[in-house]
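S.K.: Sequence first, then the predicted structure, then my questions.
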Amino acid sequence: MAGYPQLRALKGRAKRSLWGKQSLKQVGEKTWFDSVFDSARALMARAGALPWLSGPGIAIAILLICAPFALVDVPPLIDIPGHMGAAAIEAAGPGNPLEQYFTWKWVFTLNIGGGVLMKVLGAQFGILAAGWWSTVLATGLFAGGCLWTIRMLNPKGGHAAAWSLMFVFSFPLLTGFLNYILATGLSLTAFGASVWLEKNPRARATMLIIAQPVAMLCHAIGGLLLALLVGAHAFGRAMDELPSGWRFRDFTNREWVKSLDWKAIGLRLWQACWPLLATVITIVLWKAFSPPVKSMNIWRWDQKAWSFVLTLRDQSKLLDFGTSIIAGLLVLVGPLLGAKWNWRQGLPALTVFLLFLAIPSDINGSSFVDIRLLPVAAMLGLGLQDWSGARRPEWAKAVAYLGMALLAVRLTVTAWSFSDYAEDYKKQLSALTHVEPGSRVLAFVEHSCLDESWRNTRRDHLASLASLYRQAWVNDNWAVPGLHMIVPRFRPGRNFTADPSEFVWSRRCAGGWRRTVDTALKAAPIERVDYVWLIDTGMPQRGDPRLQLVWQEGRSRLFKVRRLGIPKWDSPNL
């Protein structure tokens, strides 16, 4: 028997394992050989992987996921233009007009991954290329980390890997949460590496001690996932290594339970988890040295409920909603078809899902914190569902090939939408050819709502590109103290300095209490700016003699402000 030496080695190790020297008499020979067989099967599972989880397979999948970005210059993800505008402010040197309007102050905060990456790339390739490459690298890391984790924990049963990849282009990425996507990609990749390095504890500990602060500095919640996943996997592994049948014996044979070597179990958990102290130290340092922020934690339970519907919201309600339903059914029905999770496969996904339920929706000025976690839980739940033991092999193959086909459809739709967004961005940004460099641009953009369209226009932060292309002031930047590095110097009005002052709603979406473009213009400090840029708002119902139309495209307008005898310059410190 070729595998007999391996089985003998496993038997010798098991005698010294968690349940102690006397366990053979108490557990029984049948349970012993069941445990040996399970360990042998796990050993054989590591010998290879499904084709799409091989090295070339993962590389091809990452390239396909990133392919739509080849069609655009500015990634059409809602927040990315805002990140690029912020990078332009950071890079503004002496004599740049942006220095009159903004101050950039680097602070120790757990939300700087994208900013640092853009600074490094921008110094070599320029801000426009840096924004593109930062987004592509974060997306590739997100997808690659997902597949790498599946490869490490479920190499023979990851037939639903393509279903996991559908959640790459989900709410966090489509919204353009660059810091979060970068941190989560790092966390997933480092988690997979920690499993790969389990036989080399010193290298594993070193890697985790370095990776955790880096991921946390990119984004607090995305970085926290690394510690969460490592801890869940360590606990799940300890559960899997307990002898077969221990749960039932717990109720019938207390003496048998007492014979378990709980000290050895605790030691194994400590050896696996002690590097996670790096996350604790990072949080302590952040609390000690970061600027004070206004603490505001809000749970939005309706938002948590809607996130199940909106996580895959993209171009087609039928395609997106249908994909979500089928993916949910796959998780629920899979066990009836023979798919399963062991503890180490199931606990990471379950832990992330429980964090999604427990965490506040808004934390210290950062919104949509909880809904960002749901796609990661879906990725892990689908990808780590082991289909290798399905009752019929054709069922596992059907899951794999149906997932690949649907993923191909979704990527095709995404690529088509990117091309369409690129054309729309080009039309909207043509307004900037009429803006003098160094000007002050007060922008209002109509915010998309579900009552009007499932498809998001993704123009929410397009106005920030005025800072990149025309070195202009614009009221579209993020400037929450202690969270963002931008400090506005020019303040034309109390509520018209930074995000979200640029948002207006259509009359259909306003609902009687949100402001429309007419409401915003009525209170706007028009006399203190040079241009008013209305993006997809339509023409205001009330005219203003101070506004001279200089450009229009569809429902968008650019007005130059007539001074009417008012001095042109206002102090930046106003």
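M.R.: Here it is on my side, so go on.
S.K.: What number of residues are in the vicinity of residue 48?
M.R.: When neighbours are counted by other CB atoms under 10 Å, residue 48 registers 11. C-beta here means a position set from N, CA and C on the backbone, and glycine is covered the same way.
S.K.: Tell me where the chain is predicted with low confidence.
M.R.: Applying pLDDT under 70 to the chain picks out residues 1-47, 244-261, 294-295, 510, 512, 565-574.
S.K.: For it, which residue occupies the most central location?
M.R.: By CA atoms, centre = their mean, the chain has its centre lying nearest to residue 181, at 3.5 Å.
S.K.: thinking that one is in contact with residue 174, fair?
M.R.: No - in this structure, residue 181 is not within contact of residue 174 by CB atoms under 8 Å, at 10.3 Å.
S.K.: quick one, phi/psi of the residue nearest to the centre of the chain?
M.R.: Reported as degrees, to the nearest 10, the phi and psi values for residue 181 are phi -60, psi -40.
S.K.: All further residue positions should be reported with the first residue as 6.
M.R.: Okay, using 6 as the starting number, the last item reads as residue 186.
S.K.: State the three-state secondary structure for the closest residue to it other than its chain neighbours.
M.R.: Leaving aside its sequence neighbours, residue 186 sits nearest to residue 143 (CB to CB, 6 or more residues apart in numbering; 4.5 Å). Residue 143 carries the three-state label helix when classified by DSSP: H, G, I helix; E, B strand; the rest coil.
S.K.: pretty sure residue 143 contacts residue 136?
M.R.: No - look at residue 143 against residue 136 with CB under 8 Å: they stay out of range, at 10.9 Å.
S.K.: These two - which one has more neighbours?
M.R.: Higher neighbour count among residue 143 and residue 136: residue 136, with 30 against 27, using other CB under 10 Å.
S.K.: ok, residue 245 - contacts?
M.R.: The contact partners of residue 245, by CB atoms under 8 Å, 6 or more residues apart in numbering, come to 347-349.
S.K.: Likewise for residue 532?
M.R.: Counted by CB under 8 Å, 6+ apart, residue 532 has contacts 551, 566, 568-569, 571.
S.K.: so it, which of the three states?
M.R.: When classified by three-state DSSP, residue 532 comes out as helix.
S.K.: State the distance from it to residue 445.
M.R.: For residue 532, the distance to residue 445 equals 11 Å [CB to CB, to the nearest Å].
S.K.: can you redo the contacts of residue 532 as a markdown table with secondary structure, neighbour count and distance to residue 354?
M.R.: Listed next are those as a markdown table, based on DSSP: H, G, I helix; E, B strand; the rest coil; neighbours: other CB atoms under 10 Å; distance: CB to CB, whole Å:
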| residue | secondary structure | neighbour count | distance to residue 354 |
| --- | --- | --- | --- |
| 551 | coil | 15 | 57 |
| 566 | strand | 22 | 54 |
| 568 | coil | 10 | 60 |
| 569 | coil | 8 | 62 |
| 571 | coil | 12 | 60 |
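S.K.: so where do the helices sit in the stretch 306-455 of the chain?
M.R.: Secondary structure of the stretch 306-455 of the chain (DSSP state H, counting those that start in this stretch): helices located at 306-315, 322-338, 348-363, 378-388, 398-434.
S.K.: As a check, name the ranges of all strands in this protein.
M.R.: For the chain, the strands defined by DSSP state E cover 107-109, 302-303, 367-368, 445-451, 478-479, 491-493, 508-509, 536-540, 552-558, 561-566.
S.K.: would you list those in CSV and tack on distance to residue 268?
M.R.: Formatted as CSV, the strands of the chain follow (distance: least, CB to CB, whole Å):
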stretch, distance to residue 268
strand 107-109, 53
strand 302-303, 39
strand 367-368, 38
strand 445-451, 61
strand 478-479, 62
strand 491-493, 53
strand 508-509, 58
strand 536-540, 64
strand 552-558, 72
strand 561-566, 69
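S.K.: The ones you listed: which one's closest to residue 115?
M.R.: Residue 115 lies closest, by CB to CB, to one member of these: strand 367-368, at 10.8 Å.
S.K.: How far off centre is the closest one?
M.R.: Here the centre of strand 367-368 is set off from its chain's centre by 16 Å, with CA atoms, centre = their mean, to the nearest Å.
S.K.: again, but for stretch 286-296
M.R.: Its chain's C-alpha centre and that of stretch 286-296 lie 23 Å apart, by CA atoms, centre = their mean.
S.K.: ditto for stretch 339-355
M.R.: For stretch 339-355, the distance to the chain centre is 23 Å (CA atoms, centre = their mean).
S.K.: quick one: buried residues of it?
M.R.: By neighbour count on 16 or more other CB atoms under 10 Å, the buried set for stretch 339-355 is 339, 342-355.
S.K.: between those, which is nearest residue 56?
M.R.: Relative to residue 56, and with distances defined as CB to CB, the nearest of the buried residues of stretch 339-355 is residue 344, at 18.9 Å.
S.K.: isn't that closest one right next to residue 388, touching?
M.R.: No - assessed by CB under 8 Å, residue 344 is found out of contact with residue 388, at 11.7 Å.
S.K.: can you pull the contacts of the nearest residue to residue 469 once chain neighbours are set aside?
M.R.: Using CB to CB, 6+ apart and skipping the chain neighbours, the partner closest in space to residue 469 is residue 90 (2.9 Å). Going by CB under 8 Å, 6+ apart, residue 90 touches 466, 469-473, 479, 481-482.
S.K.: show me what contacts the closest residue to residue 454 other than its chain neighbours?
M.R.: Distance criterion CB to CB, 6+ apart; nearest residue to residue 454, sequence neighbours excluded, is residue 514 at 3.8 Å. By CB under 8 Å, 6+ apart, the contact list for residue 514 reads 452, 454, 456-457.
S.K.: Grab the two from these that are most spread out in space.
M.R.: Using CB to CB, these span at most 11.5 Å, a distance reached by 452 and 456.
S.K.: higher neighbour count, these two?
M.R.: Shown here are residue 452 and residue 456; by other CB under 10 Å, residue 452 has more neighbours (20 against 10).
S.K.: which residues does the residue lying closest to that one once chain neighbours are set aside contact?
M.R.: Leaving aside its sequence neighbours, residue 452 sits nearest to residue 508 (CB to CB, 6+ apart; 4.7 Å). Residue 508 sits next to 449-450, 452, 465 when contact means CB under 8 Å, 6+ apart.
S.K.: And those, which is closest to residue 499?
M.R.: Nearest member of the contacts of residue 508 to residue 499, counting by CB to CB, is residue 449, at 16.3 Å.
S.K.: how near is the residue lying closest to the closest one once chain neighbours are set aside to residue 484?
M.R.: Here the nearest residue to residue 449 in space, its sequence neighbours aside, is residue 509; by CB to CB, 6+ apart that works out to 5.0 Å. Separation of residue 509 from residue 484 (CB to CB): 19 Å.
S.K.: Give me the more crowded residue out of these two.
M.R.: Higher neighbour count among residue 509 and residue 484: residue 509, with 23 against 17, using other CB under 10 Å.
S.K.: just checking, that one touches residue 520?
M.R.: Yes - between residue 509 and residue 520 there is a contact under CB under 8 Å: 5.7 Å.
S.K.: domains of the protein?
M.R.: The record, using automatic domain parsing to delimit domains, assigns the chain the ranges 9-50, 56-82+113-420, 440-566.
S.K.: how far does stretch 546-554 sit from the chain's center?
M.R.: Chain-centre distance of stretch 546-554: 42 Å, with CA atoms, centre = their mean.
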